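*Asks:* 3D model of this:
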Amino acid sequence: MVKTTPPSQNIASRFAALITALLLIATAATGQNSIVTTEDSDGYRTLCENNGVPVPPTVLDLTDFRWRLYGDLENPFINTGLDAELWSFDAGADGFCLSLPRKSGSTVEVLGMICMADTGETCFFTNPEGETFSSPPPDPNDQIQIDELIGGFDLVDNPEGVCADCHTGANPFIVHPEDPMFQAAMQEIGSLFPSSWPTPIIPDHSDWPANALPIESLGPTEGPGCDTCHASSGQGGDQVGGRLPLLSTQYPRYCEEVLAASIGEHPADPAPATMPPSYSDADANHDHRDWLLAACQSRPGGGTVVTFDPPPQIAVPPPAIAPPYACTSTVMVTNALLDAELTLEVDGMFVAQEPMREPGGHVFVLPKALEKGQTVAVTQTAFGVTSPPVITWVRSHKEDYPNGLPAPTITPAPIYECASAIAVANVPGATVEVQKTEVDDGTQTVVAKESGYNLTWMRLGKAGTFEVGDSFTATQTICQDTSDRSDKEVATTAPSSLPQVTFEPPLPDQQFLTLENIVQGSHVMLEELAGTVVFERKSLPYRRYRHVDLQASPLGPVDPAHQLVASQKLCRVQSPEPDPPPVRQCSADAMIAEIAKPQHGDDFVIVTKSVPGATIRVFGAGFEELGNGIGSVINLSRDLVGGEIVAVHQSLPPTCEPAVAFTIMVETP
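*Replies:* Modelled structure (predicted):
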């Protein structure tokens with residue numbers, strides 16, 4: 001067990017120092033900006049084109065008038081020990097590409113290319129590992145074809161690293177305004193900044209950060225500061241240097257390479273600072289440089305980690321339930337503690353008692369449908385303490401849908417051949433019916449009819465495995481009210497390759513794992529190398545049933561000796577199996593949970609990073625416990641007030657309870 005130390009000072013004085021630090025960090029809009037995909041290189045090029053990004057048919061092609069070679073860059077930002085050239089591809093009003101091939105002699109060892117639409121959508125391409133090219137090519141007619149480069153999810157395993165880590169902000173090309181090569185490019189192409197904040201199209205992978213939203217102000221400083229050029233309200237705003245991204249620990253290479261090299265603090269490169277520009281007063285920018293470096297150490301969204309030893313948990317708050325509809329027979333319970341006993345009553349009569357074992361929420365299935373006007377009450381019991389009940393009334397769905405139920409949505413799409421299950425987003429508690437139309441003869445068959453809560457997972461046993469061209473529609477019903485049919489989804493060809501299924505390295509005694517990178521409909525398996533099958537689903541809808549309950553498996557909770565690997569298969573295509581990640585030791589860093597920046601008046605927080613199944617506790621000043629539970633949303637006992645600091649503590653009781661917390665300021669109205 002990780003030992004905790006008693007607090008050496010009261011929470012108010014701790015938070016006073018924290019508030020000072022937070023106020024020095026730049027204010028910015030919350031959120032991030034990206035389009036994520038699991039497409040391979042071929043599908044990625046199509047996705048980029050569909051989003052308006054110009055994708056050249058050939059690369060570094062001097063026979064195409066749209067390509068231009070400007071020459072060698074004397075001081076490329078990222079020093080690989082190779083020479084770097086600057087090329088551009090000008091697609092006119094549609095946008096442009098810049099490429100910085102890095103070469104030894106005439107051999108191009110790293111061929112990176114970024115293409116951007118005028119509206120900001122941005123795509124990344126590079127050469128496959130071990131593949132080299134010549135610049136210029138020996139034969140002018142022997143050009144590099146675009147399909148010789150990789151993009152999309154194929155970038156995840158490429159050794160060149162995470163493109164979106166460095167290439168972020170309003171300046172994804174890392175354009176230096178004083179470099180003559182970039183100045184020449186700007187004279188031909190015009191501005192190298194898009195008309196709006198860039199939207200990178202990136203792999204749907206946890207290592208690839210989205211483009212953080214811009215810093216709007218770096219705060220006061222004596223004389224002209226960094227935001228003279230790097231702010232929308234500065235001299236020229238985005239057209240000069242581009243607004244800087246709200247930096248955090250999500251962008252380590254931007255901080256360690258781009259920012260550090262710009263201000264002359266790169267540990268491996270003694271070159272003088274390139275920022276501020278030669279015409280600015282360097283001394284006047286010290287505050288801004290310090291604030292940017294401090295932001296690099298902050299958590300995404302501006303939060304900070306502090307020493308924090310919470311009091312023992314004594315009170316058990318009531319769980320949360322969504323008001324159920326008449327004629328439905330399910331009740332969803334959230335905001336409960338792991339393994340708490342949930343007790344459900346209808347009209348004061350006991351109905352069921354079941355344990356909380358699903359981070360996404362526990363669903364009670366009732367023996368009969370509910371009626372309008374009935375009361376539904378739920379309590380949770382943990383540590384021998386029973387919470388006050390949460391009580392709600394059964395309503396008619398007509399109160400929320402006076403014009404009738406909307407059509408459900410088959411999601412996610414696309415549906416692939418060889419799968420046998422789909423998921424349907426529906427009104428809570430509605431009965432979903434799925435109809436299949438055979439591709440061969442047009443025969444229509446009802447292949448599934450089930451009730452679910454918000455997202456109904458349906459194994460279409462009567463349909464067999466899907467064939468290319470099979471189509472599916474769905475309806476939903478509450479009482480006698482049946483919706484229109486959903487949009488049709490057609491089964492398509494399965495991908496030619498599958499990404500590796502991943503999960504965060506687990507901690508000892510962790511009871512859940514969350515699987516990532518699941519392709520819709522694939523056969524997913526989690527195994528222990530000793531031979532124990534921990535989890536298996538023959539057709540798993542993406543982002544559904546990804547929380548594997550290890551406690552309920554033959555393996556049990558994580559042990560330091562466990563070696564877990566996950567895989568997926570669709571048709572005859574098998575994903576690569578990685579080496580099993582080592583079981584992590586319980587530590588302060590491993591147990592830092594994070595939340596989205598809360599707003600004034602919120603009575604909940606949204607958890608953006610946590611250990612699956614861990615207990616999340618939320619505190620205000622004076623160790624006021626505002627809420628606790630598991631899952632992605634924690635309800636609070638009161639509304640938050642703009643400007644106050646909340647602390648979020650995460651633990652895996654009783655063996656891993658480090659004395660740290662993630663703290664963040666509530667956004668003011």
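
*Asks:* and the residue most central in space within the chain, what does it touch?
*Replies:* Geometric centre of the chain, nearest residue: residue 206, 6.3 Å, by Cα atoms, centre = their mean. Residue 206 sits next to 502, 504, 516 when contact means Cβ atoms under 8 Å, 6 or more residues apart in numbering. For the C-beta atoms, the positions are set from N, CA and C on the backbone; glycine is no exception.

*Asks:* can you do 7 Å?
*Replies:* residue 516 (Cβ atoms under 7 Å, 6 or more residues apart in numbering).

*Asks:* what about it, distance to residue 109?
*Replies:* From residue 206 over to residue 109 the distance is 28 Å, taken as Cβ to Cβ, to the nearest Å.

*Asks:* next one: residue 334
*Replies:* Separation of residue 334 from residue 109 (Cβ to Cβ): 52 Å.

*Asks:* Which one's more surrounded, these two?
*Replies:* More neighbours surround residue 334 than the other of residue 334 and residue 109, with 21 against 17 (other Cβ atoms under 10 Å).

*Asks:* Tell me the pLDDT of that one.
*Replies:* Per-residue pLDDT puts residue 334 at 88.

*Asks:* measure the nearest residue to it once chain neighbours are set aside to residue 476 for me?
*Replies:* Nearest residue to residue 334, sequence neighbours excluded (Cβ to Cβ, 6 or more residues apart in numbering): residue 361, at 4.2 Å. Shown here: residue 361 relative to residue 476, a distance of 19 Å by Cβ to Cβ.

*Asks:* Could you check which of these two is surrounded by more residues?
*Replies:* Taking other Cβ under 10 Å, residue 361 and residue 476 do not tie; residue 476 has more neighbours (26 against 21).

*Asks:* tell me which element the more buried one is part of?
*Replies:* Here residue 476 sits within strand 471-478, counting by DSSP states H and E.

*Asks:* Can I get that strand in PDB, CA atoms only?
*Replies:* C-alpha atoms of strand 471-478 as PDB (Å, rounded to 0.1, in the frame of the first residue of the first chain):
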ATOM      1  CA  SER A 471     -28.100  -3.400 -45.500                       C
ATOM      2  CA  PHE A 472     -29.700  -2.700 -42.100                       C
ATOM      3  CA  THR A 473     -32.300  -0.300 -40.700                       C
ATOM      4  CA  ALA A 474     -33.700   0.100 -37.200                       C
ATOM      5  CA  THR A 475     -36.800   1.400 -35.500                       C
ATOM      6  CA  GLN A 476     -37.500   2.100 -31.800                       C
ATOM      7  CA  THR A 477     -40.800   1.800 -29.800                       C
ATOM      8  CA  ILE A 478     -42.100   3.000 -26.500                       C
END
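
*Asks:* Going toward the C-terminus from that strand, what's the next helix or strand?
*Replies:* Downstream of strand 471-478, the first helix or strand assigned by DSSP H and E is strand 481-482.

*Asks:* Note down every partner strand of that next one and its orientation.
*Replies:* When pairing is defined by DSSP bridges, strand 481-482 lines up against strand 471-478 (antiparallel).

*Asks:* Contacts for the strand it pairs with next, please.
*Replies:* 325, 327-328, 397, 405, 408, 410, 415, 422, 424, 426-427, 429-437, 482-483, 485-486, 488-490.

*Asks:* Give the buried residues for that strand.
*Replies:* Of all the residues in strand 471-478, those buried under the rule 16 or more other Cβ atoms under 10 Å are 471, 472, 473, 474, 475, 476, 477, 478.

*Asks:* So, low pLDDT: which residues of the stretch 251-400 of the chain?
*Replies:* Along the stretch 251-400 of the chain, the model assigns pLDDT under 70 to residues 266-274, 276-287, 299-302.

*Asks:* which residues in it form helices?
*Replies:* Assigned by DSSP state H, counting those that start in this stretch, the stretch 251-400 of the chain shows helices spanning 252-253, 260-262, 286-296.

*Asks:* Same question for the chain.
*Replies:* Using DSSP state H, the helices of the chain run over residues 11-24, 41-50, 163-166, 180-189, 252-253, 260-262, 286-296.

*Asks:* Can you give me the pLDDT of the nearest residue to residue 570 once chain neighbours are set aside?
*Replies:* Nearest residue to residue 570, sequence neighbours excluded (Cβ to Cβ, 6+ apart): residue 522, at 4.3 Å. With respect to pLDDT, residue 522 scores 89.

*Asks:* coming back round to it: residue contacts, the residue nearest to residue 334?
*Replies:* Taking Cβ under 7 Å, 6+ apart, one finds 332, 333, 334, 631 in contact with residue 361.

*Asks:* Assess the claim that the second one and residue 362 are in contact.
*Replies:* Translated: residue 333. Yes: if you go by Cβ atoms under 7 Å, residue 333 and residue 362 touch, sitting 4.7 Å apart.

*Asks:* intersection of neighbour lists for those two?
*Replies:* Jointly contacting residue 333 and residue 362 under the rule Cβ under 7 Å, 6+ apart are residue 342.

*Asks:* Pretty sure residue 548 sits against residue 513.
*Replies:* Yes: when contacts are counted by Cβ under 7 Å, residue 548 is listed as touching residue 513 (4.6 Å).

*Asks:* Mutual contacts of those two, please.
*Replies:* residue 526.

*Asks:* how close does residue 320 sit to residue 357?
*Replies:* Per Cβ to Cβ, residue 320 is found 17 Å from residue 357.

*Asks:* could you give me the average pLDDT of stretch 600-608?
*Replies:* The average pLDDT within stretch 600-608 is 89.

*Asks:* Return the distance of it from the chain's centre.
*Replies:* 18 Å (Cα atoms, centre = their mean, to the nearest Å).

*Asks:* Equivalent analysis for stretch 371-380, please.
*Replies:* Counting by Cα atoms, centre = their mean, stretch 371-380 is centred 35 Å from the centre of its parent chain.

*Asks:* give the contact list for the residue nearest to residue 561 when sequence neighbours are not counted.
*Replies:* Spatial nearest neighbour of residue 561, excluding adjacent residues (Cβ to Cβ, 6+ apart): residue 583 at 7.8 Å. Residue 583 makes contact with 505, 506, 507, 508, 558, 560, 562, according to Cβ under 7 Å, 6+ apart.

*Asks:* likewise residue 599?
*Replies:* By Cβ under 7 Å, 6+ apart, the residues touching residue 599 are residue 667.

*Asks:* now the strands for the stretch 251-400 of the chain?
*Replies:* 304-307, 320-321, 330-334, 341-346, 349-355, 362-365, 375-382, 385-386, 390-393 (DSSP state E, counting those that start in this stretch).

*Asks:* Which of the helices of the chain sits closest to residue 33?
*Replies:* Nearest of the helices of the chain to residue 33, taken as Cβ to Cβ: helix 163-166 at 10.8 Å.

*Asks:* how many other residues sit next to the closest residue in space to residue 128 that isn't next to it in sequence?
*Replies:* In space, residue 128 comes closest to residue 150 once its chain neighbours are excluded; the distance is 5.3 Å by Cβ to Cβ, 6+ apart. Residue 150: 22 surrounding residues under other Cβ under 10 Å.

*Asks:* now do residue 349
*Replies:* 9.

*Asks:* just residue 98 next, same as before
*Replies:* There are 22 residues near residue 98, going by other Cβ under 10 Å.

*Asks:* residues contacting it?
*Replies:* Counted by Cβ under 7 Å, 6+ apart, residue 98 has contacts 86, 88, 114, 173.
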